[in-house]
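K.L.:
I need the structure of the sequence given here:
(chains A and B)
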Amino acid sequence: MASSTSITGLFSRLSLLSRNTTSTATATAAMTSTSTSRLFSTTSSSLARKAPPPAGGSAPKAVRRNRQAPKSENFFRIRTLRRNMFSPAPPPLRMARLRYLRHWTIHRAWQLFRRKQHEAIDKERSRMHAGMYNACEELRKTVGPGSRGEGYLYRVAMEKKGVYGLDGVPIEYARFQTDSPAKEAWNHEWKR
Amino acid sequence: MMAASSRGSRAVRGIFSSSPTICSRCATTRFYSAAAAAEIKASVTDAAPPPPTKSPYPYDIRSGLVLTRPPLLTRTLHPFENAYYFYQKRLEERLNTPFITSIYFKPDTAAQLDWSLKVQERGGTVAKELGTYHGKSSKAWDDELKVGDQLSSQESVLNSLLKDAAARVSDDAEVIAPEDVVPVERPVERLSEADKKNDVRRLDRQMERTLYLVVKGPDGWGFPADVLKDENLHEGAKRVMDQAAGVNMNTWLVGRVPVAHLVQEPVLGKSGEVQKKGQKTFFIKGRIMAGQADLKGNPFGYTDFKWLTREELEKELAPEYFRGVRNMMADR
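P.N.:
All right, here's what the predicted structure looks like:
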């Protein structure tokens, strides 16, 4: 629609020119070319390229039969994908000024919230680490037990042998945290 | 002295095979297993000589166990988190490509009928928990919830998911009458019976939090602990646990490193002689995965036990005791 109006607009200007300069015959010629809407090509439509005749000179019946060749088993799946794969991308979000301001506020609030969470986690970890560090430091200065020398218990505690490895962590008994508990939330009757 | 079970030494052994007498690690490190032998042999370079035995060490060394039950449930989300996630989901509805039914459902199947029925009931919204909202329509700008709208809460998300999960079309592709629809079983409540009765001895209470086992001894509430008898800290902690709380617990000691300690200074006389020995208590952290504590016949005189969260421990324990152990407790 838009293209046709622009073409007519172009030719109306052209016809104005021609009305000023030349006779009405050229104007009518311009009008006819408008109706066929062939702007840049001067060849007539009768000379346009046609499909070449079939090589074997076979009848169009045979062509139709070829079209109904057996489809692959994935034909419909592929057709669905081909139809929908190239769906246009949705337009970007557009927000008015106050709406965008609200969006920005929400974003900043979220960033602040995350920041506080991260800081809380950092603080918690360093607190737990400090607790372990202090305990280990005290242990290092401890003599004993019995006839053992200073720092013996500390050296044992630092020993990593057997801590890691395939049976180091009993993951077969562990349970993920879930949104809702199991039907029997805890097995109180477990016996060794 | 070669520490034969260590993987690292096995890898290094090939490199140091040219020096047949001793490996570099053994020459610099003292092993606890060899410490007693080192005192006799004194061939190992920096094995410290035994401390002068002029006065006994004025502390009793005690090993304790902080037995924790890890959280069983995820944390409850902050209302702001719920609202933010809801907001992001609606923005995503505005930005995503449309849901193409024919990709996911074969035409005229029961699944397709079921899906289209549910979507129709939601007013054409594909997402299950977003209310009636069309991200592609001219009303797409209206994506914000009013203040006080409960649509973004966990409860309403759960309800909408449960409603969507119930089958509405039978296998014969017939619409099931509303009274015959079998609702999906609701997940178990996050608040357990023990929470409602405030039963502090059960382990299925306070499932979002870490619980700690405390016992009531002659000195009041505290973690189970006992004086070491020529053993290491983690062996002592294991022994204390087995003796105090019974063997019917599936537990795991997280490591050999103490996570907390308490020091009680000795009482000294005028000339520096020890009138009353002090105590150094080191706590090892353990986790319980099944079972329950049982104090019957314990040799430490414990009479009662509780599974408490950190806040409850703060009320129950003596202030200086809690100050010593609070650093090992996680926020949750």
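K.L.:
Sheet-wise, list the partners of the host helix or strand of residue B:64 with their directions.
P.N.:
Element membership for residue B:64, per DSSP states H and E: strand B:59-69. Under the criterion DSSP bridges, strand B:59-69 sits next to strand B:211-217 (antiparallel), strand B:225-227 (antiparallel), strand B:278-291 (parallel) in its sheet.
K.L.:
between those strands, which gets nearest to residue A:152?
P.N.:
Evaluated with Cβ to Cβ, the strands paired with strand B:59-69 place strand B:278-291 nearest to residue A:152, the distance being 12.9 Å. From N, CA and C alone the C-beta is placed, and that goes for glycine too.
K.L.:
Tell me the helices and strands packed up against whatever helix or strand comes next after that closest one.
P.N.:
Later in the chain than strand B:278-291, the nearest helix or strand by DSSP H and E is strand B:304-308. Under the contact criterion of 3 or more Cβ pairs under 8 Å, 6 or more residues apart in numbering or on different chains; DSSP states H and E, strand B:304-308 touches strand B:211-217, helix B:310-316.
K.L.:
among the ones you listed, which is the most enclosed?
P.N.:
Among the helices and strands packed on strand B:304-308, strand B:211-217 has the highest mean neighbour count (mean count of other Cβ atoms under 10 Å in any protein chain shown), at a mean of 22.
K.L.:
Please write out the alpha-carbon positions of it in CSV.
P.N.:
Only the C-alpha atoms of strand B:211-217 are listed here, as CSV (Å, rounded to 0.1, in the frame of the first residue of the first chain):
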residue,chain,number,x,y,z
LEU,B,211,19.9,-27.7,65.2
TYR,B,212,22.5,-28.4,67.8
LEU,B,213,22.5,-31.2,70.4
VAL,B,214,22.9,-29.9,74.0
VAL,B,215,22.8,-32.0,77.1
LYS,B,216,22.1,-31.2,80.7
GLY,B,217,24.9,-32.2,83.0
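K.L.:
Which residue ranges of the chain form helices?
P.N.:
Let's take chain A. A:2-21, A:24-36, A:60-67, A:75-84, A:97-140, A:152-158 (DSSP state H).
K.L.:
Chain B was what I was after
P.N.:
B:7-13, B:24-28, B:32-41, B:79-95, B:101-104, B:110-121, B:154-165, B:193-197, B:233-245, B:310-316, B:319-325.
K.L.:
Which strands and helices lie in contact with the fourth one?
P.N.:
In other words, helix B:79-95. By 3+ Cβ pairs under 8 Å, 6+ apart, helix B:79-95 packs against helix A:97-140.
K.L.:
what residues go with each domain of the chain?
P.N.:
Unless you meant another one, I'm taking chain A. In terms of domains, chain A is parsed into A:1-38, A:116-160 (source: automatic domain parsing).
K.L.:
Let me rephrase: I mean chain B.
P.N.:
B:8-41, B:59-73+B:192-328, B:79-180.
K.L.:
And residue A:95, what's its pLDDT?
P.N.:
For residue A:95, the model assigns a pLDDT of 92.
K.L.:
do you know how far the nearest residue to residue B:276 once chain neighbours are set aside is from residue B:223?
P.N.:
Among residues not flanking residue B:276 along the chain, residue B:267 sits closest, at 4.1 Å (Cβ to Cβ, 6 or more residues apart in numbering or on different chains). Distance of residue B:267 to residue B:223, given as Cβ to Cβ, to the nearest Å: 24 Å.
K.L.:
And the residue of chain A at minimum distance from chain B, how close does it get to residue B:64?
P.N.:
The minimum distance from chain A to chain B, using Cβ to the nearest Cβ, falls at residue A:131 (2.9 Å). Look at residue A:131 and residue B:64: by Cβ to Cβ, they are 14 Å apart.
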